[in-house]
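Student: just the structure for this:
(one chain, ligands or ions: 1)
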Amino acid sequence: MATKKKTDQDLQLDKDQLKASIVRHLRSTLGTSEQKASPEAWWKATAAAVNEQVYERLTRTQQTHFKKDTRAIHYLSAEFLMGRLTSNNLHNLSLYKICEEALGELGLELTDLCEQEPDMALGNGGLGRLAACFIDSLATLNYPAVGYGIHYEHGLFRQEIQDGRQIERPDSWREYGNPWEICRPESVQEIPLYGYVETVFGDKGGLKKVWHAGRKIKGVPWDIPVVGFGGHTVNILRLWESRASEFFDWDVFNAGGYIDSQAEKAQAETISKVLYPNDETDAGKELRLIQQYFFCACSIKDIMRRYKRVHGSDFRNFAAQIAIQLNDTHPTVAIPELMRVLVDEEDLNWDAAWAICYQVFSYTNHTLLPEALEKWSVSLFEKVLPRHLEIIYEINARFLNELVEPKWPGNDAIKAKLSIIEEGDVRKVRMGNLCVIGSCKVNGVAEIHSKLVKEDLFPEYAELWPEKMCNVTNGVTPRRWLLACNPELAALYSEVVGKEWPLQLDKLRSVTKFADDKAFQQQFMTIKRHNKEKLVKVIKAETGIDVSAEAIFDVQIKRLHEYKRQQLNLIHIMALYRRLLANPDYDMHPRVFIFGSKAAPGYKLAKDIIYAINKLAERVNNDARIQGKLKVVFMPNYRVSLAEKLIPAADVSEQISTAGYEASGTGNMKMALNGAITIGTLDGANIEIAEEAGAENCAIFGLNVDEVKSLKARGYNPYDFYYANSELKAVLDWFDTDYFTPGRPGELASIKRSLLEGGDPYLTLADFASYSEAHKLIDTWYRDPALWAKKVIINSATMGKFNSDRSIQDYVDRIWKLKSCNVG
Ligand code: NBY
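Tutor: Numbers count the residues shown, from 1 in each chain. Sure thing, here's the model as predicted:
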């Protein structure tokens, strides 16, 4: 009998089938029973039952893509901050309700089981989370796509707070197994490293380069299925784990002496052992360069293998079939690696290989901070990747001679600036320049940021290639960041605008017509209240602090950075505290300031700011004089699953970076979408949020990009602001006392120092007065419940633009030129 192709309908489970499947997996996959199963076993059994659905669709997707020989996007990113997958996969397969009922009949609560899942924290912050939202959207929009990254054994460190200070603990997300990943030993790759390059005579005459590797590392792929919303397309995220290779060139490697095989194994495994916890740059670290090369080389080999399976060694279709996106400069080495494979291994001539490369790659920039632009010393490159260094020199020489010299004849200053190689005591490879030179498109992540990339960061490149620079404003997936994390608001929206909004977030805009409607306002604010009450319990459980859902929940959640200015928030809270101490009747609605943030372990001042927030919290939260009007909460171990609890409960969203420094921000989008008002500078995507929601519905403050530039050009002196504002002066002087650190005066002095003697590079003091006024405005608005409700409803309803589906469609239209592919 011919097997009929299963349709989505055929695949869809009912409650009893799902329940039976969970119990079956509990017994046969987990080897336990209903009587003695732990919550963890139930969670894994549930995941296994869901996987039956996932795998059917995965296979069908892969067969369809293969048969249709589709063009695909390969998203290379050193980070994918996936968080948890259970609720997401259930929602995307339309199984959430059914699963809730099935587990209910088994006496279990789905939300409790979801809490069993460790976060997949394979990223630092916004950049990694963006990659996770993008692969969700790619699958949802039925675009053929593969995410490529690193299978870190340890993700971003777990943060503990001890006596107010951050302590880093290893994160072991897969210690007891991860039900969502599949090992693919059949697709293992071998990656060369170190060694030397030899020039030999090739078969066709002419010279040929041969790289004799000093050692080889095995790359083992782990696939995480990525289920699109609606469950049609299931793409994969392929993460590479490093292992010791069987191959070992003793002659070369052993020159320095005997290394036992266990040590070699440990070295090989070190490559994917841990995520670098720095969200600026770790350039200079040999292991980091090797991590980058390792996952890029594995991915390029994987892409090649799949291409050659269909097209053999005919590379004329390569650029038509393959698009590769570089998520920041971390995967830049993929460019010389593809050149190396095409020229050295596939025998293409340089021009043909370069024509392919240039069409295949595109690069997304996420930062303008000079210290965050990656540079590697030439000597390190030469040691680890000798052949790639040669290729980079060749790319550079051709670029300078063929493009720069004709355009700016004899201009050595411009040549020095645009060269991939930075000259100096230590010669360096500039990865950003290599990215721009080797990519057909370069994009920033919000309008203002893209403008600055073009005008300030890469102006000469933009002159050479006016078409190359473009913008794609970031977005977030409304499935995770509304449907799953805020079920009550999701249900209200489905009732009012229909069930299509998770795919067409623009549909929410029609809700603005109810912004003045008393009944709707009440429904909306009741939901916010419920979310806040849930958070009250989480805060109590995590920190022991009592807060009231009556208060305004004012939330700043993001990595700790001077440019993000948690210190501005901190000194403003101190100012409020002073006002309350001076006048116990000081008129303000009770406020809870909530922080969630990790600092890079080596970033001293960032850690001092965490300490100061915690010490301030201790003092304020236990001061009866202020009658509970002010509370400060630092939530330890901020991560995706915690964000999912904080964001639906936020009233105020703190987006207070120095204008020009936050490329986009994405937490700003999530909080506005869930009904928070943004207090923010005109920076990154805040500008576009205010455009969508209306400036009157946001509390915008501070210097804009031009004003920041001109103040810096005039010569900014923080003392001008210190002496001119007595409140600001008093607050800063407080840091020198032991008011917050009894018996230990000066423990917080580093913060004051950075803001005065340190020159306050991020203009905290310059923006303080305006920030304080914006907070007063927020307070006045909140005390008018109808006005507040109206503003937050409008914010939530107008965030349609910030759907990551829209971002992906922009990438497709402006950069990738993909066609969507229907799967079943
Ligand atoms: O990317 C963030 C930006 O700060 C934010 O404005 C933007 O919204 C987001 C998405 O476009 N950048 C970011 O998260 N960067 C990192 O996490 C990061 C990680 C590692 C390294 C550098 C930056 N590194 O050099 O290793």
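Student: residues of this structure that sit close to the ligand?
Tutor: Applying Cβ under 6 Å from any ligand atom, one finds that the chain approaches the ligand through 124-127, 130, 276, 278-282, 366-367, 372, 374, 445, 474, 662-666, 684. Using the backbone N, CA and C atoms, a C-beta is placed for each residue, glycine as well.
Student: can you do 5 Å?
Tutor: 124-127, 130, 279, 281-282, 366, 445, 662-666 (Cβ under 5 Å from any ligand atom).
Student: helix, strand, or coil at Tyr148?
Tutor: strand (DSSP: H, G, I helix; E, B strand; the rest coil).
Student: who does it bridge with?
Tutor: Leu76, Arg238 (DSSP bridges).
Student: separation between it and Ala397?
Tutor: Taking Cβ to Cβ, to the nearest Å as the measure, Tyr148 falls 30 Å from Ala397.
Student: pick out whichever of those two has more residues nearby.
Tutor: For Tyr148 versus Ala397, neighbours defined as other Cβ atoms under 10 Å are more numerous around Tyr148 (28 against 13).
Student: surely the more buried one touches Ala72?
Tutor: No - using Cβ atoms under 8 Å, Tyr148 makes no contact with Ala72, being 11.5 Å away.
Student: okay, now the unreliable bits of the chain?
Tutor: The model of the chain has pLDDT under 70 over residues 1-10, 246-261.
Student: which helix in it has the most residues?
Tutor: helix 39-68 (DSSP state H).
Student: and that one, what other elements does it pack with?
Tutor: helix 8-11, helix 15-28, helix 86-92, helix 96-105, helix 110-114, strand 215-227, strand 234-244 (3 or more Cβ pairs under 8 Å, 6 or more residues apart in numbering; DSSP states H and E).
Student: indicate which one of these is closest to Ile610.
Tutor: Ranking the helices and strands packed on helix 39-68 by their distance to Ile610 (criterion: Cβ to Cβ) puts helix 110-114 first, at 28.4 Å.
Student: any idea how far Val592 is from the residue of the chain found nearest the ligand?
Tutor: Closest approach between the chain and the ligand, counting by Cβ to the nearest ligand atom: Gly126, at 3.0 Å. Per Cβ to Cβ, Gly126 is found 24 Å from Val592.
Student: neighbour-wise, which of those two wins?
Tutor: Ranked by neighbour count (other Cβ under 10 Å), Gly126 and Val592 place Val592 first, with 27 against 23.
Student: okay, and the more buried one sits in which element?
Tutor: strand 591-596 (DSSP states H and E).
Student: just put the helices and strands packed on helix 39-68 in JSON lines and tack on mean neighbour count.
Tutor: Shown next, in JSON lines, are these (neighbours: other Cβ atoms under 10 Å):
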{"stretch": "helix 8-11", "mean neighbour count": "12"}
{"stretch": "helix 15-28", "mean neighbour count": "17"}
{"stretch": "helix 86-92", "mean neighbour count": "24"}
{"stretch": "helix 96-105", "mean neighbour count": "18"}
{"stretch": "helix 110-114", "mean neighbour count": "17"}
{"stretch": "strand 215-227", "mean neighbour count": "22"}
{"stretch": "strand 234-244", "mean neighbour count": "24"}
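Student: for Ile794, which of these is the nearest?
Tutor: That would be helix 86-92 among those, by Cβ to Cβ, at 26.2 Å.
Student: counting contacts, what elements does the closest one pack onto?
Tutor: Checking 3+ Cβ pairs under 8 Å, 6+ apart, helix 86-92 ends up next to helix 39-68, helix 96-105, helix 110-114, helix 126-140, strand 215-227.
Student: mind listing what the following helix or strand past the third one pairs with, with the direction of each?
Tutor: Just to be clear, that refers to helix 110-114. Moving toward the C-terminus from helix 110-114, the next helix or strand (DSSP H and E) is strand 120-122. Strand pairing for strand 120-122, determined by DSSP bridges: strand 80-83 (antiparallel).
Student: how close does Glu280 get to Thr332?
Tutor: 16 Å.
Student: now do Gln53
Tutor: Gln53 is 38 Å from Thr332, by Cβ to Cβ.
Student: more crowded one of these two?
Tutor: Neighbour tally, Gln53 and Thr332, criterion other Cβ under 10 Å: the higher count belongs to Thr332, 27 against 22.
Student: who's in contact with stretch 721-731?
Tutor: With Cβ atoms under 8 Å, 6 or more residues apart in numbering as the test, stretch 721-731 has contacts from Ile571, Met574, Ala575, Arg578, Leu732, Leu756, Leu765, Ala766, Phe768, Ala769.
Student: pull out the buried residues from it.
Tutor: Phe721, Tyr722, Asn725, Glu727, Leu728, Val731 (16 or more other Cβ atoms under 10 Å).
Student: ok so, going back, distance between the strand holding Val592 and the chain's centre?
Tutor: Relative to its chain's centre, strand 591-596 lies at 22 Å (Cα atoms, centre = their mean, to the nearest Å).
Student: same deal with stretch 439-453?
Tutor: That offset, for stretch 439-453, works out to 17 Å (Cα atoms, centre = their mean).
Student: just stretch 665-680 next, same as before
Tutor: Centre-to-centre, stretch 665-680 and its host chain are 16 Å apart (Cα atoms, centre = their mean).
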